[in-house]
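Visitor: Please work out how this folds:
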Amino acid sequence: MGPMHHCEIKNRTRGDNEIEWATGLQYLGVHFTSAKMLTVLMSMQTHKFYAASNSILHNSIYVLEMSRLHLVEAYALPLLTYAYEAVNMSAAQVHVLSVCWNNVYRGLFIMHQWESVKMLQLLSGRLTLFCMFDIRKLCFLKKVYTSSNIILLACGQNFCTSMKYKALCRDYDIDSSQRFVSYQCLRKLVYDKCQIVVHASLRQAYGLLIVLAFGIYLCLYVCLSSIVFHVSTFVVNKHLLIYATFIEFFRCSM
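Guide: This next block holds a predicted model:
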């Protein structure tokens, strides 16, 4: 682990036994892998989640959707969110986990892969996975700040000086100096912010759809106007040709 994690290191020997260097380790159910920074391996976590959620959805086909959702939340979702508060994940890793959770909604309510499930989650009284992660981290940090363990308290004080913690507080309008906000207040702040973000994204999507529809209408109007113009020109020319032919015929007959 570190800047030299790609370098080959000779195996150590202890007596007649040779100890090989490992590229990963498992500690308390979390899989860590060799990298420049402390990195969590997400493949095992997502595989377990998909196996559990697919098994629940497959064996509850004739059950109501909300009951099936409760089962997935109770038995499969903890596999996806396990130990998130205590490890540092990148934005790409959180996005992978969010896609896994959103696919459950798409399979449960028969939606296409390109359809957004944010409004569905909000209307069903749920949060997006990003917001669930944030509220779990905020509640975990509150427990750390109120802990009597000196080591945990030192780790919490060290984390509150990081840019990640300040960005988290800024996203939900939380004063970083106030570390004793109630759990109910934290959940309300996150839920209200999630509502604002979802409604803003939907308004933006609707605005893009309106602009797209207006562009299509404008293109059709121009095309139809051009066709009508050409047809009317052709009809006028045809009538003029018939009129000229009739005049020529009348002149010849005279």
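Visitor: What segments of the stretch 51-200 of the chain are helices?
Guide: 65-75, 77-81, 91-108, 118-123, 129-145, 150-159, 163-171, 183-253 (DSSP state H, counting those that start in this stretch).
Visitor: Take the ones you listed and lay them out in a markdown table including distance to residue 38 and mean pLDDT.
Guide: For the C-beta atoms, the positions are set from N, CA and C on the backbone; glycine is no exception. As requested, the helices of the stretch 51-200 of the chain are arranged in a markdown table below (distance: least, CB to CB, whole Å; pLDDT from 0 to 100):
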| stretch | distance to residue 38 | mean pLDDT |
| --- | --- | --- |
| helix 65-75 | 29 | 90 |
| helix 77-81 | 19 | 88 |
| helix 91-108 | 12 | 88 |
| helix 118-123 | 31 | 81 |
| helix 129-145 | 16 | 83 |
| helix 150-159 | 14 | 79 |
| helix 163-171 | 14 | 79 |
| helix 183-253 | 26 | 64 |
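Visitor: among those, which is nearest residue 46?
Guide: Closest approach to residue 46 among the helices of the stretch 51-200 of the chain is made by helix 91-108 (5.4 Å; CB to CB).
Visitor: List the buried residues of that closest one.
Guide: Across helix 91-108, burial judged by 16 or more other CB atoms under 10 Å covers 93, 97, 98, 100, 101, 102, 103, 104, 105, 106, 108.
Visitor: so what's the most centrally placed residue in the chain up against?
Guide: Residue closest to the average C-alpha location in the chain (CA atoms, centre = their mean): residue 98, at 4.8 Å. Counting by CB atoms under 8 Å, 6 or more residues apart in numbering, residue 98 makes contact with 128, 129, 130.
Visitor: any chance of the helices of the stretch 51-200 of the chain in TSV, with distance to residue 48 too?
Guide: Formatted as TSV, these follow (distance: least, CB to CB, whole Å):
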stretch	distance to residue 48
helix 65-75	11
helix 77-81	5
helix 91-108	10
helix 118-123	22
helix 129-145	16
helix 150-159	28
helix 163-171	27
helix 183-253	26
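Visitor: Would you mind saying which of these lies nearest residue 25?
Guide: Nearest of the helices of the stretch 51-200 of the chain (CB to CB): helix 91-108, 17.7 Å.
Visitor: Now do that closest one: distance to the chain's middle.
Guide: In this view, helix 91-108 has its centroid 6 Å away from the chain centroid, taken as CA atoms, centre = their mean, to the nearest Å.
Visitor: Can I get that helix in PDB, CA atoms only?
Guide: Extracted in PDB, the C-alpha atoms of helix 91-108 (Å, rounded to 0.1, in the frame of the first residue of the first chain):
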ATOM      1  CA  ALA A  91     -17.300   8.800  -5.900                       C
ATOM      2  CA  ALA A  92     -17.000   6.100  -8.600                       C
ATOM      3  CA  GLN A  93     -17.400   3.300  -6.100                       C
ATOM      4  CA  VAL A  94     -20.400   5.000  -4.500                       C
ATOM      5  CA  HIS A  95     -21.900   5.400  -8.000                       C
ATOM      6  CA  VAL A  96     -21.500   1.600  -8.600                       C
ATOM      7  CA  LEU A  97     -23.400   0.900  -5.400                       C
ATOM      8  CA  SER A  98     -26.100   3.400  -6.300                       C
ATOM      9  CA  VAL A  99     -26.600   1.700  -9.700                       C
ATOM     10  CA  CYS A 100     -27.100  -1.600  -7.900                       C
ATOM     11  CA  TRP A 101     -29.700  -0.200  -5.600                       C
ATOM     12  CA  ASN A 102     -31.500   1.700  -8.400                       C
ATOM     13  CA  ASN A 103     -31.700  -1.600 -10.500                       C
ATOM     14  CA  VAL A 104     -33.700  -3.100  -7.700                       C
ATOM     15  CA  TYR A 105     -36.400  -0.400  -8.200                       C
ATOM     16  CA  ARG A 106     -36.300  -0.900 -12.000                       C
ATOM     17  CA  GLY A 107     -36.700  -4.700 -11.600                       C
ATOM     18  CA  LEU A 108     -39.400  -4.300  -9.000                       C
END
